[in-house]
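1. my questions concern the predicted model and sequence given below.
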Amino acid sequence: MPESLVQFAGVTRRFGDLIAVNNASLDIRAGEVLAILGENGAGKSTLMKMLYGLYPASEGQILLDGAPAKISGPADAMRNGIGMVFQHFSLLPALSVRDNLLLSWPKTPFWKSHRNARTDDVLTSLAELAPQIDPERIVSSLSVGEQQLVELCKVLNINARLVILDEPTSVLTPAEATRLHGFIKQLAGRGVAVALITHKLADVEACADRIVVMRRGSVVDIAERGARSMAETVALMMGQSVDRTLRPPPAFGRTVPRLVLENVSAQRPDMSLQGISLSIAAGEIVGVAGVAGNGQALLAEAVAGVEPLTAGDILLDGVSIARHTPFEAVSTPLGYIPEQPRDNGVVATMSLARNLALRDLAQGKRATGRHANLLERFNVNPPDPAKLAGTLSGGNVQKLVIARELGIQRDAILACYPTMGLDLAAIEMVYAAMFAQAASGAAVLWISEDLDDLLAGSHRIAVMREGRLVALLDNDGTLSREAVGALMTGMTETEAAA
Ligand SMILES: Nc1ncnc2c1ncn2[C@@H]1O[C@H](COP(=O)(O)OP(=O)(O)OP(=O)(O)O)[C@@H](O)[C@H]1O
């Protein structure tokens with residue numbers, strides 16, 4: 001039996017009346033990859049945050065190397081060789097990658113935090129894990145996936161014995177995810193324990209040695225790799241079986257242009273959007289495919305009005321909706337699901353009810369109770385309008401934003417990674433809501449890194465590379481992943497398939 005590094009013995013965590021983790025017992029062994037699965041709000045993050053010292057257990061005990069762990073905060077956890085990478089990042093956006101790594105590196109000399117041969121060791125894990133990231137780049141210019149890799153390097157730099165990863169692949173491109181899987185296996189091969197919280201069965205298939213399933217706060221199953229079929233694991237997670245087949249989008253007659261981008265251009269220090277023109281008809285879903293960091297984020301923010309346009313216009317039903325300040329964007333008649341909704345879509349210190357009424361409030365109108373049923377409809381858990389948004393689990397924050405943006409019929413929808421961090425049942429619900437909007441005439445612009453979902457759910461696919469729209473393809477059933485992948489990377493189809 002391999003050595004137990006950590007043991008949870010009957011651990012419970014309450015937040016007021018809510019039992020987030022209920023009498024959980026499990027161990028984490030040196031050199032294993034332990035996948036922790038469960039639907040949104042199942043208690044996965046809370047369980048690991050207790051180990052990382054962020055919350056004390058309400059009952060039960062956590063043992064480290066067989067003795068009761070004395071971890072009263074993340075600094076203690078790190079001293080004990082436990083590192084955690086969160087869904088929510090803690091990088092300083094104005095500093096370079098190198099400076100961010102130096103700030104959290106225990107060996108950084110206090111007198112010299114700058115470029116210096118003696119501090120180059122801080123870059124070793126970056127070179128291994130993400131050689132494409134230039135350490136001198138400013139963090140704010142990195143894609144979300146790249147930022148996550150930098151967060152992971154921070155943890156690797158403390159020489160962790162246990163690395164906890166909270167949904168690491170939800171923001172990674174397929175290629176980045178594959179590289180991360182390989183790296184996780186390498187870490188385990190060196191004797192490091194990896195606890196991997198995930199919703200993606202591909203992560204489990206690629207690297208898990210054991211699989212823990214949580215449901216409603218309880219550990220409901222612990223199994224060795226291969227002991228359960230994927231269908232059995234999903235049924236354990238959801239308490240039922242979920243058919244994960246994306247229904248095709250509703251048919252539409254491409255006649256009336258609704259959302260029109262005319263030569264849309266915008267500029268950030270590291271990225272420029274160059275003359276994007278695209279016309280989306282009523283009822284049409286256009287999926288935007290691209291390798292992360294090729295201008296999708298800037299396109300989304302430009303269309304949403306968060307980033308001012310340097311040229312061009314955006315028209316909705318013939319009327320310009322191009323905005324010049326983020327405040328004006330609040331009145332944009334566009335349903336907008338932003339990337340990283342915890343940062344960009346909710347006010348953590350406000351109640352769920354006020355977050356649902358955020359657009360009204362921002363326009364100086366009174367918040368009404370008419371939004372309350374949206375919590376039930378979009379399965380936000382707990383569906384308590386008085387709860388603060390900051391207390392929701394990551395997936396439930398996403399559902400809250402989706403409830404606000406897709407809960408009423410819109411003329412146009414801009415959806416950025418709308419299923420990120422969601423469990424399988426919630427993904428189905430989001431796609432159903434998005435397709436229903438299209439069926440009722442909304443023009444939908446949908447940015448995603450999941451090519452399979454884009455191919456299954458869009459009428460046309462726009463491919464972005466280096467801030468330009470390099471292709472606009474009819475998704476007529478003949479498009480292949482390889483063909484779109486080739487356009488995304490600029491490689492030939494055979495190179496992309498290799
Ligand atoms: N600080 C907090 N205050 C109050 N309730 C909380 C707090 N943190 C978590 N919860 C609640 O505890 C439950 C478990 O949340 P947790 O974040 O552990 O779920 P999760 O399984 O990681 O979900 P997800 O997959 O959506 O990230 C949820 O109902 C959540 O609302």
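-> Alright, I've got the coordinates.
2. what's the closest non-adjacent residue to residue 172?
-> residue 145 (4.5 Å; CB to CB, 6 or more residues apart in numbering). Quick note: C-beta positions are derived from backbone N, CA and C, even for glycine.
3. interface residues of the stretch 1-150 of the chain facing the ligand?
-> Counting by CB under 6 Å from any ligand atom, the stretch 1-150 of the chain comes close to the ligand at 15, 18, 20, 38, 40-46.
4. need the buried ones from those selected in ChimeraX.
-> Buried subset of these, written as a ChimeraX selection, criterion 16 or more other CB atoms under 10 Å:
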select :20,38,40,41,42,43,44,45,46
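5. same list (the residues of the stretch 1-150 of the chain next to the ligand) but as JSON lines, adding pLDDT and secondary structure.
-> Shown next, in JSON lines, are those (pLDDT from 0 to 100; DSSP: H, G, I helix; E, B strand; the rest coil):
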{"residue": "15", "pLDDT": "91", "secondary structure": "strand"}
{"residue": "18", "pLDDT": "85", "secondary structure": "strand"}
{"residue": "20", "pLDDT": "94", "secondary structure": "strand"}
{"residue": "38", "pLDDT": "90", "secondary structure": "strand"}
{"residue": "40", "pLDDT": "85", "secondary structure": "coil"}
{"residue": "41", "pLDDT": "87", "secondary structure": "coil"}
{"residue": "42", "pLDDT": "91", "secondary structure": "coil"}
{"residue": "43", "pLDDT": "94", "secondary structure": "coil"}
{"residue": "44", "pLDDT": "95", "secondary structure": "helix"}
{"residue": "45", "pLDDT": "94", "secondary structure": "helix"}
{"residue": "46", "pLDDT": "96", "secondary structure": "helix"}
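6. looking at the residues of the stretch 1-150 of the chain next to the ligand, point me to the pair that's furthest apart.
-> Using CB to CB, the two most remote members of those are 15 and 38, lying 16.9 Å apart.
7. so what's residue 92 up against?
-> 99-100, 103, 139 (CB atoms under 8 Å, 6 or more residues apart in numbering).
8. give me the contact list for the helix or strand hosting the residue nearest to residue 172.
-> Using DSSP states H and E, residue 145 falls within helix 144-156. Identification of contacts with helix 144-156 by CB under 8 Å, 6+ apart yields 83-86, 89-91, 97, 100-101, 104-105, 125-126, 129-130, 133, 139, 142, 163, 165, 168, 171-173, 176, 180, 187, 292-293, 297, 339-340.
9. could you redo the last one with a cut-off of 7 Å?
-> Outside helix 144-156, the residues within contact range by CB atoms under 7 Å, 6 or more residues apart in numbering are 83-85, 89, 91, 97, 100-101, 104, 125-126, 129-130, 133, 139, 142, 163, 168, 171-173, 176, 292-293, 339-340.
10. after it, which helix or strand is next? Please name it.
-> In N-to-C order, the element after helix 144-156 by DSSP H and E is strand 162-166.
11. which other residues reach the very next helix or strand once past that following strand?
-> Where DSSP H and E defines the elements, the next helix or strand beyond strand 162-166 is helix 174-189. By CB under 7 Å, 6+ apart, the residues outside helix 174-189 that reach it are 31-33, 129, 145, 163, 168-169, 172, 194, 196, 203, 206-207.
12. mind picking the two most distant members of the residues you listed?
-> 31 and 145 (26.8 Å).
13. all strands of the stretch 301-450 of the chain, in order?
-> 311-316, 319-320, 334-337, 412-416, 443-447 (DSSP state E, counting those that start in this stretch).
14. same list (those strands) but as JSON lines, adding mean neighbour count.
-> Output for the strands of the stretch 301-450 of the chain, formatted as JSON lines (neighbours: other CB atoms under 10 Å):
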{"stretch": "strand 311-316", "mean neighbour count": "17"}
{"stretch": "strand 319-320", "mean neighbour count": "10"}
{"stretch": "strand 334-337", "mean neighbour count": "25"}
{"stretch": "strand 412-416", "mean neighbour count": "25"}
{"stretch": "strand 443-447", "mean neighbour count": "26"}
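15. now mean pLDDT and distance to the ligand too, for these, in CSV please.
-> Conversion of the strands of the stretch 301-450 of the chain to CSV gives the following (pLDDT from 0 to 100; distance: least, CB to the nearest ligand atom, whole Å):
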stretch, mean pLDDT, distance to the ligand
strand 311-316, 94, 32
strand 319-320, 91, 38
strand 334-337, 92, 16
strand 412-416, 96, 18
strand 443-447, 96, 21
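16. wait, which of those strands is closest to residue 74?
-> strand 412-416 (29.6 Å).
17. which secondary structure elements does that closest one sit against?
-> Under the contact definition 3 or more CB pairs under 7 Å, 6 or more residues apart in numbering; DSSP states H and E, strand 412-416 sits against helix 296-304, strand 334-337, helix 424-439, strand 443-447.
18. ok, now with 10 Å
-> strand 257-268, strand 285-289, helix 296-304, strand 334-337, helix 394-406, helix 424-439, strand 443-447 (3 or more CB pairs under 10 Å, 6 or more residues apart in numbering; DSSP states H and E).
19. quick check: residues of the stretch 251-400 of the chain near the ligand?
-> 381-382, 391-396.
20. and residue 47, that's in a helix?
-> Yes - assessed with DSSP: H, G, I helix; E, B strand; the rest coil, residue 47 lies in a helix.
21. give me the pLDDT value at it.
-> pLDDT, residue 47: 97.
22. A helix includes residue 35, no?
-> No - per three-state DSSP, residue 35 lies outside any helix segment and is strand.
23. tell me who's in contact with it.
-> 165, 194-198, 200-201, 203-213, 225, 233 (CB atoms under 10 Å, 6 or more residues apart in numbering).
24. buried subset of the residues you listed?
-> 165, 194-198, 200-201, 203-204, 206-213, 233.
25. restricted to strands, list those.
-> Using DSSP state E, the members of these that fall in strands are 165, 194-197, 210-213.
26. nearest to the ligand, of the residues you listed?
-> residue 197 (6.5 Å; CB to the nearest ligand atom).
27. quick check, pLDDT for that closest one.
-> 96.
28. beta-bridge partners for residue 388, please?
-> Taking DSSP bridges, one finds residue 351 as the beta-bridge partners of residue 388.
29. count the neighbours of it for me.
-> Residues near residue 388, counting by other CB atoms under 10 Å, number 16.
30. leaving out chain neighbours, which residue sits closest to the closest residue to the ligand within the chain?
-> Of the residues in the chain, the one nearest the ligand is residue 395, at a distance of 2.7 Å by CB to the nearest ligand atom. Once flanking residues are discounted, residue 395 sits nearest to residue 40: 2.9 Å by CB to CB, 6+ apart.
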